[in-house]
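1. Here's my sequence, what's the structure:
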Amino acid sequence: MAKAPLRIAVIGAGLIGRRHIDCVRDEPGAALAGVVEPDQRVAAAVGETGVTVRRDIDALAAAGPVDAAIVATPNAAHREGAMDCLRRGWAVLVEKPIADTPEAGAEIVAAAKERGAPLLVGHHRRHHDCVAVARRLIAEGGLGRLAAVSVQWAARKPDEYFAQAWRMSAAGGPVMINLIHDIDLLRHLCGEIVGVTAETGSALRGGEVEDSAAVLLRFADGALGTITLTDSALSPWSWEAASGENPGIAAGGQAPYRLMGTQASLELPSMRLWRADHAGADWSTPLECETVPSRRTDPLPAQLRHFIAVARGEALPLVGGEDGLATLVATRAVIESASTHKTVRLGGGPENQPVGERIG
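-> Sure, this is the predicted structure:
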């Protein structure tokens with residue numbers, strides 16, 4: 001017997017919220033239960049597509065049954081929206097970051113546990129097949145021991161992107177909007193981050209929030225990583241440009257991730273693997289390049305299908321609340337390190353909730 005579609009509401013109809021709305025409408029296993037958007041201008045635009053838009057969650061709940069909700073509001077409103085949905089017993093997919101502060105994120109995690117409600121955090125890059133293949137390759141020793149990681153995220157956001165005031169506030173900078181994706185993916189691929197040293201700059205845009213960052217990471221197994229970030233430069237080096245996952249960002253085809261091991265190195269998301277044809281190779285050995293097979297995946301629909309399975313109790317979250325909280329803590333450490341000019345040491349992961357500690 002076919003299962004009834006999961007009735008999913010979308011809370012927030014901004015850029016990512018509208019993409020979630022489209023995914024829900026296109027997914028046979030889901031039915032759009034409604035949309036919440038308090039901004040009348042945005043609500044009117046979404047309503048023109050035939051979607052019923054409510055001003056708040058109370059009005060949405062009064063209009064009909066809801067099984068689950070996707071919280072896609074601005075970062076600072078994640079806690080309020082997620083907590084409201086969890087109190088109603090709905091399964092919740094909260095967009096990244098889980099909240100704007102670790103304290104607010106911890107409240108969401110506690111509420112989900114108390115209610116026994118499924119909670120998934122929207123770090124959608126983990127749903128790329130190439131990520132699953134790369135993680136398996138690393139875990140099986142395909143690169144040898146990981147020595148270093150290099151990541152670049154550089155793009156020039158259009159001026160109209162900043163028309164919404166919150167994107168020029170502390171919660172709306174590229175560290176919390178963009179870099180958090182890379183922090184999460186590196187945790188997923190390389191293990192827990194135990195040390196963060198960073199510098200940020202705002203000279204290009206001149207606002208209160210950063211427009212660029214340079215980050216040094218230390219992983220629990222001793223590997224080091226660097227991330228260069230800016231949302232003010234024209235470049236082909238970003239995950240979105242390389243993967244084609246965001247239709248609003250032009251394809252660049254250049255791999256922004258390089259994972260370097262003692263036996264081989266891997267580019268992502270292109271899955272180009274560089275290695276020698278014999279053991280004991282060194283810098284005098286010519287390297288061979290091959291492309292590791294992986295399926296092309298649209299991660300947002302894949303994440304939605306996973307959320308439906310999680311909401312029905314058929315799967316465990318790929319990114320649960322505690323996992324999303326650990327990523328938030330590591331990302332906030334970038335901002336803390338940049339503001340104090342000190343290294344921030346992190347201890348643990350989702351099993352042992354990390355707490356930032358500055359090293360003088």
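2. domain ranges for this structure?
-> 6-125+300-318, 126-296+329-345 (automatic domain parsing).
3. now, of those, which is deepest in the fold?
-> domain 6-125+300-318 (a mean of 20; mean count of other C-beta atoms under 10 Å). The way it works is simple: take the backbone N, C-alpha and C, and place the C-beta from them, glycine included.
4. hmm, back to that, as TSV, the domains of the chain with mean pLDDT would be great.
-> As requested, those are exported to TSV (pLDDT from 0 to 100):
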stretch	mean pLDDT
domain 6-125+300-318	97
domain 126-296+329-345	94
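5. I'd guessed Leu300 sits against Ile21; true?
-> No: counting by C-beta atoms under 8 Å, Ile21 is not a contact partner of Leu300; they are 11.0 Å apart.
6. secondary structure element for Phe331?
-> Small correction: residue 331 is Thr, not Phe. Assigned by DSSP states H and E, Thr331 belongs to helix 321-340.
7. Quick one: list the elements packing against that helix.
-> Helix 321-340 sits against helix 102-115, strand 119-122, helix 180-190, strand 193-201, strand 212-219, strand 343-345, strand 357-359, with contacts defined as 3 or more C-beta pairs under 8 Å, 6 or more residues apart in numbering; DSSP states H and E.
8. Show me how far it is from its chain's centre.
-> The chain centre lies 13 Å from the centre of helix 321-340; the measure is C-alpha atoms, centre = their mean, to the nearest Å.
9. Next: stretch 290-302.
-> Worked out by C-alpha atoms, centre = their mean, stretch 290-302 lies 17 Å from the chain centre.
10. so how far does stretch 208-223 reach from one end to the other?
-> Chord length of stretch 208-223, first to last residue, is 33 Å (C-alpha to C-alpha, to the nearest Å).
11. To clarify, my last question referred to stretch 22-41.
-> Stretch 22-41: ends 19 Å apart by C-alpha to C-alpha.
12. what's in contact with that stretch?
-> 3, 5-13, 17, 21, 43, 46, 51-57, 59-60, 63-67, 70, 300-301, 304-305, 308 (C-beta atoms under 8 Å, 6 or more residues apart in numbering).
13. just checking, Thr73 touches Leu15?
-> No: with contact defined as C-beta under 8 Å, Thr73 does not count as touching Leu15 (11.8 Å).
14. residue closest to the middle of the chain?
-> His123 (3.1 Å; C-alpha atoms, centre = their mean).
15. Distance check, that one against Trp239.
-> Here His123 is placed at a distance of 12 Å from Trp239 (C-beta to C-beta, to the nearest Å).
16. Mind listing the shared neighbours of the two?
-> Joint contacts of His123 and Trp239 (C-beta under 8 Å, 6+ apart) are 181, 185.
17. Straight-line length of stretch 71-86, end to end?
-> For stretch 71-86, the end-to-end distance is 11 Å (C-alpha to C-alpha).
18. Stretch 242-251 now?
-> So stretch 242-251: terminal residues 6 Å apart, C-alpha to C-alpha.
19. Then stretch 136-143?
-> 11 Å.
20. Next, the residue located most distally from the centre of the chain: secondary structure please.
-> Within the chain, Ser284 marks the point farthest from the mean C-alpha position, 38.8 Å out by C-alpha atoms, centre = their mean. Look at Ser284: counting by DSSP: H, G, I helix; E, B strand; the rest coil, its state is coil.
21. Please list all residues in contact with Gln303.
-> 93, 120, 122, 124, 127 are the contacts of Gln303 under C-beta under 8 Å, 6+ apart.
22. er, Arg205 actually
-> 162, 211, 232.
23. returning to that earlier point: now the residue nearest to the centre of the chain. Nearest residue, chain neighbours left out?
-> The shortest distance from His123 to any non-neighbouring residue, by C-beta to C-beta, 6 or more residues apart in numbering, is to Asp184 (4.3 Å).
24. wait, what's in contact with that neighbour?
-> Contacts of Asp184 (C-beta under 8 Å, 6+ apart): 96, 123, 125-126, 319, 324, 327.
25. hmm, which two among these are most spread apart?
-> In those, two members sit farther apart than any others by C-beta to C-beta. They are Arg125 and Gly324, at 12.8 Å.
26. ok, Gly207 - contacts?
-> Counted by C-beta under 8 Å, 6+ apart, Gly207 has contacts Met168.
27. Please report how far it lies from Glu140.
-> Gly207 is 45 Å from Glu140, by C-beta to C-beta.
28. And for Lys157?
-> Per C-beta to C-beta, Lys157 is found 38 Å from Glu140.
29. ok, now Tyr161?
-> 41 Å.
30. just to revisit the earlier point, if I look at the residue farthest from the centre of the chain, how far off is Ser202?
-> For Ser284, the distance to Ser202 - C-beta to C-beta - is 45 Å.
31. Kindly report the same for Val35.
-> For Val35 relative to Ser202 (C-beta to C-beta), the value is 34 Å.
32. Pro38 now?
-> For Pro38 relative to Ser202 (C-beta to C-beta), the value is 29 Å.
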